[in-house]
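Here you go, sequence then predicted model.
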Amino acid sequence: MDKSLTATLIVEGGEKPTLTRKHTSLLESSYRSDSVMDKRDVVNTVPQDPGVRVLELHEWKAAAASLAESFAEDHCCSYFVNTPDTAHWTKEQKWDLHVRMMEYIVYAHLLRGLAVTAGPNYDCVGLWMPPGANMDDLLTLLRSGLWRLVYQLSREGRTRFYSEFLPLLHDTKARVLGPEKDNESWYLVYIGTLPPGRGKGYAKKVIEYITAKADVAGQVCYLESSHEVNRIIYGKLGFQVQKMIYLQRAEEVVGLDIMVREPVMKRNEGD
């Protein structure tokens, strides 16, 4: 993900920035120059699965609640909340911040990317960024609430998120895929399944909903995973580990698998 505009809201050392007139005056121009993707263009070209549907903007809170619960024990998510300078925070304060982060991220994907769910009650939610899309224009940062993280994360949390995590993800994706594939890839940013919905094939449906389109278009799919067990799950869906990266500002290092799925070319009948 390109975090160039996100970085304009951050200053060195994890200090809190100030939103200036210059930032707000960019809203109208950034909206015109980078118009919101029409999801109908994507949905209409994706093979339809009756068990999968694309989420609408009004569903942001329910989808975020599902992801927050799915990632409640995730080391990568807690990396930004459980910091030395939040040791005095209550569990409720940390949970509230975890939920808000998911709400902002889900809303941004509903504005700029694609949010997909499977199961009767948001059992599995996946957030995708289509080829050439990102959520880093100033209008999306403000509308989604992502800018609020600058003030809501602790000083160390800001440093981990903005100075370590985001640049590492951006640079790694660019290096692994290269310029051409990077711009033409589908990026699975988040996928989570609620405990009661696990083992029912919902995650497979959410992933294959997009990989089917990627195969037709000859496009790569890319993801990061923070759990080793997911190597097997994603591997069965065509993803292969390319490398590992590490978040290293905590006592317990957090490792992330970088996985890539090359398009599977379907043979025509009769070949």
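Nice, I can see it. Quick caveat, the model's predicted, so the values are computed rather than measured.

As a check, name the ranges of all helices in this structure.
Taking DSSP state H, the helices of the chain run over residues 4-7, 21-33, 39-43, 60-70, 75-78, 91-112, 138-144, 149-152, 155-158, 166-183, 202-217, 230-236.

Can I get those in a markdown table including mean neighbour count, mean pLDDT and distance to Leu127?
All C-beta spots, glycine's among them, are computed from the backbone N, C-alpha and C. Formatted as a markdown table, the helices of the chain follow (neighbours: other CB atoms under 10 Å; pLDDT from 0 to 100; distance: least, CB to CB, whole Å):
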| stretch | mean neighbour count | mean pLDDT | distance to Leu127 |
| --- | --- | --- | --- |
| helix 4-7 | 18 | 37 | 17 |
| helix 21-33 | 12 | 36 | 22 |
| helix 39-43 | 14 | 49 | 13 |
| helix 60-70 | 21 | 98 | 8 |
| helix 75-78 | 18 | 96 | 14 |
| helix 91-112 | 19 | 98 | 4 |
| helix 138-144 | 21 | 95 | 12 |
| helix 149-152 | 16 | 97 | 16 |
| helix 155-158 | 19 | 98 | 21 |
| helix 166-183 | 15 | 96 | 14 |
| helix 202-217 | 21 | 96 | 10 |
| helix 230-236 | 14 | 93 | 16 |
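
mind listing what the most centrally placed residue in the chain touches?
In the chain, the residue lying closest to the centroid (CA atoms, centre = their mean) is Val189, at 2.7 Å. Counting by CB atoms under 8 Å, 6 or more residues apart in numbering, Val189 touches Met1, Ile105, His109, Gly113, Leu127, Trp128, Met129, Leu223.

repeat that with 6 Å
Leu127, Met129 (CB atoms under 6 Å, 6 or more residues apart in numbering).

gap between it and Leu139?
To Leu139, Val189 is 19 Å away according to CB to CB, to the nearest Å.

I'd like the helices of the chain as a markdown table, with distance to Met265 appended.
Shown next, in a markdown table, are the helices of the chain (distance: least, CB to CB, whole Å):
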| stretch | distance to Met265 |
| --- | --- |
| helix 4-7 | 34 |
| helix 21-33 | 35 |
| helix 39-43 | 21 |
| helix 60-70 | 33 |
| helix 75-78 | 33 |
| helix 91-112 | 29 |
| helix 138-144 | 34 |
| helix 149-152 | 41 |
| helix 155-158 | 44 |
| helix 166-183 | 16 |
| helix 202-217 | 7 |
| helix 230-236 | 19 |
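
Out of those helices, flag the one nearest Val254.
helix 75-78 (5.0 Å; CB to CB).

got the CA coordinates for that closest one in CSV?
The C-alpha coordinates for helix 75-78 follow below in CSV (Å, rounded to 0.1, in the frame of the first residue of the first chain):
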residue,chain,number,x,y,z
HIS,A,75,-0.2,-10.8,17.9
CYS,A,76,0.1,-8.3,15.1
CYS,A,77,-3.1,-6.4,16.1
SER,A,78,-2.1,-6.2,19.7
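
coming back round to it: for Gly51, find the nearest of the helices of the chain.
Set against Gly51 and scored by CB to CB, those come closest in helix 202-217, at 5.4 Å.

what angle separates the closest one from helix 60-70?
110 degrees (axes from the mean of the first three to the mean of the last three CA atoms, to 10 degrees).

Just the CA coordinates for helix 202-217, please, in CSV.
The C-alpha trace of helix 202-217 is given here as CSV (Å, rounded to 0.1, in the frame of the first residue of the first chain):
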residue,chain,number,x,y,z
TYR,A,202,-16.4,-19.5,4.7
ALA,A,203,-12.8,-18.2,4.4
LYS,A,204,-12.3,-20.3,1.3
LYS,A,205,-15.4,-18.8,-0.3
VAL,A,206,-14.3,-15.3,0.5
ILE,A,207,-10.8,-15.9,-1.0
GLU,A,208,-12.0,-17.8,-4.1
TYR,A,209,-14.6,-15.2,-4.8
ILE,A,210,-11.7,-12.9,-5.9
THR,A,211,-9.1,-15.5,-7.0
ALA,A,212,-11.5,-16.7,-9.6
LYS,A,213,-11.6,-13.2,-11.1
ALA,A,214,-7.8,-12.9,-10.7
ASP,A,215,-7.3,-16.1,-12.7
VAL,A,216,-9.5,-14.8,-15.5
ALA,A,217,-7.6,-11.5,-15.7
